[in-house]
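> One predicted model, sequence on top.
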Amino acid sequence: MTDERGLPDVLKGLNGNAIKTVEEWHNTRRPEILELFRTYVYGREPVDRPASQIFETVVTPGTMNGAAVRKQVEIRFEGPGGTGKIRLVLFVPSEGKGPYPSFLFLNNRGVTELDPERRAISMFWPAERIVARGYAAAALDLEDADPDVDEGHRNGVHGIFDEYDGERPKDAWATIAAWAWAARRAMDYLATDPDLDAGRVAVAGHSRGGKTALWAGALDERFALVVSNESGSTGAALSRGKRGETIQAINERFPHWFNGNYKSFNGREEALPVDQHMLLAAIAPRSVYVASAVQDEWADPASEFASLIEASPAYRLYGYKGLGDASFPAPESPLFGERMGYHLRSGGHDLTAYDWDRFMDFADAGALK
C-alpha cells in the first residue's frame with residue numbers, strides 16, 4: 001500500500017512510536033484517534049447514557065401480514081435543559097428462531113420513510129425485505145435528536161444537555177455528534193430486547209446518515225457491523241486529495257454538522273491531524289462496509305474506497321486481511337473481504353434495494369451471522 005496523499009499514519013502514535021500490537025492499538029492509538037476526531041471534527045458530547053433514560057414500548061403482533069412483530073419504542077430522557085425523546089420503530093421476524101440479528105437504520109429523509117403502518121413502502125428503508133432475510137429491522141429519525149438546521153445548537157439534545165457559560169467551546173458537539181448520540185441510545189434499547197441478539201447489531205446510514213453511522217460505530221463497540229452508504233466528505237471518503245465536496249464546501253453548506261475547530265481546516269486538509277481512514281480504522285476489529293455510486297461524484301467513490309484500503313493496517317493487527325490487495329471494482333461487483341466490504345453501484349446518490357441486498361449479503365457472509 002502506498003500513500004500518495006500525505007495521510008497520517010494509522011499505526012503511528014502522537015508520540016511518534018509505531019503501534020505494533022493489538023494492546024497498543026486498543027489501549028493507546030484507538031482512544032487517541034477518537035479524541036482527535038472529537039477535538040477537530042465531530043465535537044465532544046457532554047453526556048453518555050443519561051441516568052434518567054427510560055424506554056416506553058408498544059408491541060403489535062401480526063404486522064407485515066403476519067411476518068413480523070412491531071415494537072414502537074420511545075426513548076425518553078431529561079437533562080438540565082428539559083426533556084426529550086427519540087422514537088424507534090422495530091420489526092422483529094415472526095418466523096424463525098431468535099434472538100435475531102438486527103439492522104439499525106439512521107433515517108435522514110423524514111418520518112414518512114419510517115411509516116410504522118407500512119402504508120408507504122420505500123426501498124430507502126425496506127423493512128419487509130430486511131425481515132424476510134431473517135433480520136430485525138429497526139429505524140429512528142435523526143431529527144428526533146436534533147433538527148437539521150443551523151440555529152446555534154440551541155434545540156434538540158444540545159438544548160437539553162449543554163451547560164456552557166458564554167460562548168460555546170470550539171470542540172463542543174455538533175449535529176452529526178448529536179445524531180450519533182441518538183444511535184447509541186437506540187443501541188441501549190436494542191441491547192435490552194430479549195428478541196434481539198445484542199452482539200449482532202449493525203448500524204447503517206446513507207449520506208449524512210452514513211457519516212453518523214461511522215461516528216456512532218467508531219465510538220460504540222457494541223455495534224458489530226457499521227455500514228456507510230455514500231457518506232462522502234467527512235464520512236467514509238478521504239479528505240486529502242478528494243474530488244467533489246471538500247471540507248470547505250461542506251462547512252459552508254452545513255456549518256452545524258461539525259464543531260467549530262473543523263472550520264479552521266477549510267482549504268487546509270493537509271493540516272488536519274486526522275483523515276477519514278482513521279475513523280474506519282477505529283472500528284477495527286469489528287466489520288465495516290462502505291458503498292458508493294458511479295454518478296455520485298460529489299461523494300467521490302474513489303476516495304471512499306481508498307479510505308478502506310488505508311484503514312486496513314488496523315485490521316491486520318488483529319489478523320484480518322481487510323480487502324487485501326483489491327483494486328477499485330467495476331459497478332455491481334461487490335468485494336467481501338475479511339471484516340471489510342465495498343461495492344460500487346450504477347446510478348446516483350441514493351439508497352436502493354441493491355444496496356440493502358449487498359449489506360445483508362455481507363452480514364450473511366459472517367459479519368452478523
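Arrived safely.

> all contacts plus neighbour counts: C-alpha atoms, from now on.
Noted.

> ok, Leu106 - contacts?
139-142, 183, 203-206, 209-210, 212-213 (C-alpha atoms under 8 Å, 6 or more residues apart in numbering).

> same check, this time on Thr28
Gly13.

> what packs against the helix or strand that Leu140 is a member of?
Leu140 is part of strand 136-141, with elements assigned from DSSP states H and E. In this structure, strand 136-141 packs against strand 82-93, strand 100-107, helix 127-132, with contacts taken as 3 or more C-alpha pairs under 8 Å, 6 or more residues apart in numbering; DSSP states H and E.

> Would you agree Pro126 is in contact with Ala353?
Yes: under the contact definition of C-alpha atoms under 8 Å, Pro126 touches Ala353, with a separation of 7.3 Å.

> Name the residues contacting each of those two.
Contacts common to Pro126 and Ala353, judged by C-alpha under 8 Å, 6+ apart, are absent.

> Report how many residues lie close to Asn17.
Using other C-alpha atoms under 10 Å, the number of residues around Asn17 comes to 9.

> Look up how far Val10 lies from it.
Plainly put, Asn17 is 11 Å away from Val10 if you go by C-alpha to C-alpha, to the nearest Å.

> again, but for Phe328
21 Å.

> again with Leu351
Distance from Leu351 to Val10, by C-alpha to C-alpha: 30 Å.

> For Leu190, which residues are in contact?
Contacts of Leu190 by C-alpha under 8 Å, 6+ apart are 196, 198.

> same thing with the one 4 residues further on?
If a contact means C-alpha under 8 Å, 6+ apart, then Pro194 has Pro99 as its contacts.

> and it, helix, strand or coil?
The local conformation at Pro194, judged by DSSP: H, G, I helix; E, B strand; the rest coil, is coil.

> wait, what's in contact with Lys20?
With the criterion set at C-alpha under 8 Å, 6+ apart, Lys20 makes contact with 11, 317.

> do Glu23 as well
Applying C-alpha under 8 Å, 6+ apart, no residues qualify as near Glu23.

> Can you check my assumption that it lies in a strand?
No: judged by three-state DSSP, Glu23 forms no part of a strand; its state is helix.

> so what pLDDT did it get?
With respect to pLDDT, Glu23 scores 98.

> how deep is Phe55 tucked in, by neighbour count?
Phe55: 18 neighbours (other C-alpha under 10 Å).
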